[in-house]
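Chemist: Next input, structure requested:
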Amino acid sequence: MQVCVVYAAKSRESGDKLKAICQSFAKGLEMQGHQVDIISAYDETRLTPYDYVIIGSEPVSFFSASIPSILSKFLAQAGTISGKRCMAFIPSCLRKGRTLQNLMKAMEGEGMMLKLSDVIKRPDEALAIGKRLSVERNY
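Modeler: Next up, the predicted model:
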């Protein structure tokens, strides 16, 4: 299956921790035999060909629970994503519950079907989740 891991950092230059988590997700999913692409929300890419989408975002500042506005713009221009199965995650932060809720709200607003959401502290947690994440369709 084709899987896409999208990350939305505070700015184009930041987000090293978030990108490391995404790379660990990709490794875990590739161990299952899936084809995985890692995409920044700052790139113009269509998500239409992907079977499963994982989206990670960090808050815009340490005390904020808002996600970067680029993610909403990216999702609006990402092609046909309504009905796509997906997962949402954020790195550990101060207001993690509210930040994760804002991310899920943005994804569901585009019609995506959330299957899982999580707060991930370290890349090794992402690797473990990627190794056991079920992205196959259960008919």
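Chemist: Show me the helices in this protein, by range?
Modeler: Secondary structure of the chain (DSSP state H): helices at 16-31, 69-76, 96-109, 123-132.
Chemist: from the ones you listed, which stretch is densest packed?
Modeler: helix 16-31 (a mean of 19; mean count of other CB atoms under 10 Å). Every residue, glycine included, has its C-beta placed from N, CA and C.
Chemist: Give me the below-cutoff pLDDT ranges for the protein.
Modeler: Within the chain, the stretches with pLDDT under 70 are 138-139.
Chemist: rerun at 80
Modeler: In the predicted model, the chain carries pLDDT under 80 at residues 15, 137-139.
Chemist: what's the residue closest to the geometric middle of it?
Modeler: Compute the mean C-alpha point of the chain, and by CA atoms, centre = their mean the closest residue is I55, 1.1 Å away.
Chemist: my read: that residue touches E108, true?
Modeler: No - taking contacts as CB atoms under 8 Å, I55 lies outside contact range of E108: 11.4 Å.
Chemist: wait, what's in contact with the closest residue to M112 other than its chain neighbours?
Modeler: With CB to CB, 6 or more residues apart in numbering as the measure, C86 is the residue that lies nearest to M112, at 4.7 Å, once sequence neighbours are left out. Going by CB atoms under 8 Å, 6 or more residues apart in numbering, C86 touches 52-55, 107, 112-115.
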